[in-house]
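Asker: Here is a sequence together with a model predicted from it:
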Protein chains: 2
Amino acid sequence: MATRSDYATRPREQVAAILRSRRRFLSAGEIHRELTEHREKISLSTVYRTLEYLQSKGDATVRIDDSGEATYTSCEPASHHHHAICEVCGRVEDVNCDVVDNFTESLRKQHGFELSGHKMEFIGRCRSCR
Amino acid sequence: MATRSDYATRPREQVAAILRSRRRFLSAGEIHRELTEHREKISLSTVYRTLEYLQSKGDATVRIDDSGEATYTSCEPASHHHHAICEVCGRVEDVNCDVVDNFTESLRKQHGFELSGHKMEFIGRCRSCR
DNA sequence: ATCAGTGCAAACCATTTGCAAATTA
DNA sequence: TAATTTGCAAATGGTTTGCACTGAT
């Protein structure tokens, strides 16, 4: 992941810093609010543009939440993995792909994560489009 | 699933009919367009309200797509299951929950679905919130 | 006659964009 | 100085809502 000094401008460093410091998905609005509350001068559009930039650098991932709002977190892009999201605090655990086999046990053993629900979506080609 | 006569008004029947006839996720706009193109007089807000109504009756499910847009399809609510979505035609296959164990083979065998990607999300409580 | 369902237009809200000013290399 | 990045305000686009009207029982 990029280190602090990889970003030339202050806004970018600030947004990246927030993403790094909080292990959960944040919306652009939340990030903006948190920065401006800490006397940081930054516009909401810059937050959006920075988040797009960070994604292109592989330093952030998006997640569209149930309301359709985009949320972001910093995340190792190297290895393909999934997320376990705490329904109480929002904490994000990176979940190795092989837990697909017996995911409930794996989650509990590897992450101490008590599963209450899951959502999965398979993308591919159906019989007729193959 | 509800039959045609379960819905008192024409708009509701029309929306439900479209959802039933197309085995893929459609946005409110697409449904509205399809109806008005077939000389059906219905407002977009009614489409939205009807979709909400159908969901409450268990006759439709939502899915937020990658752009954050809500899409809908008719779907058996009784059994918990997931969806395999064709990346070409958008056709939706209902996927039994137990394919989680060895899902690639199951998808191919049971649905002739050639997997190219998947997305999953686990919800629960993390170590500290448990 | 009463109450639910509908259409229309306006309101909303997250996100994007044009452009001029500011900042970086 | 040339090229990027930022701020501001306005535009966008999907979704929701208030209210008067229409249709169902």
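Answerer: Happy to help now that I have it.
Asker: Let me know the secondary structure of the residue lying closest to A:V15 once chain neighbours are set aside.
Answerer: Closest residue in space to A:V15, ignoring its immediate chain neighbours: A:T50 at 4.5 Å, by C-beta to C-beta, 6 or more residues apart in numbering or on different chains. Glycine gets a C-beta too; all of them are placed from N, C-alpha and C. Put simply, A:T50 is helix when judged by DSSP: H, G, I helix; E, B strand; the rest coil.
Asker: Return the distance of A:T50 relative to chain B.
Answerer: Applying C-beta to the nearest C-beta, to the nearest Å, the value for A:T50 to chain B is 19 Å.
Asker: do the same with A:G68
Answerer: A:G68 sits 4 Å away from chain B, taking C-beta to the nearest C-beta as the criterion.
Asker: just A:E30 next, same as before
Answerer: To chain B, A:E30 is 16 Å away according to C-beta to the nearest C-beta.
Asker: Am I right that that residue sits in a helix?
Answerer: Yes: residue state for A:E30 (three-state DSSP) corresponds to a helix.
Asker: domain ranges for chain A?
Answerer: Domain segmentation of chain A under automatic domain parsing yields A:4-74, A:81-124.
Asker: what is the rounded mean pLDDT of the shortest one?
Answerer: I take that to be domain A:81-124. For domain A:81-124, the mean per-residue pLDDT is 76.
Asker: now do stretch A:7-15
Answerer: Across stretch A:7-15, the average pLDDT comes to 92.
Asker: That stretch and DNA strand C in contact?
Answerer: Yes: contact of stretch A:7-15 with DNA strand C (C-beta under 7 Å from any atom of the strand) involves A:A8, A:T9, A:R10.
Asker: so which of those also contact DNA strand D?
Answerer: Among these, the residues that sit close to DNA strand D (C-beta under 7 Å from any atom of the strand) are A:A8, A:T9, A:R10.
Asker: Please narrow those to those residing in helices.
Answerer: Judged by DSSP state H, these include A:R10 as members of helices.
Asker: Out of the residues of stretch A:7-15 next to DNA strand C, who's the most crowded?
Answerer: Neighbour counts for the residues of stretch A:7-15 next to DNA strand C (other C-beta atoms under 10 Å in any protein chain shown) peak at A:R10, which has 11 neighbours.
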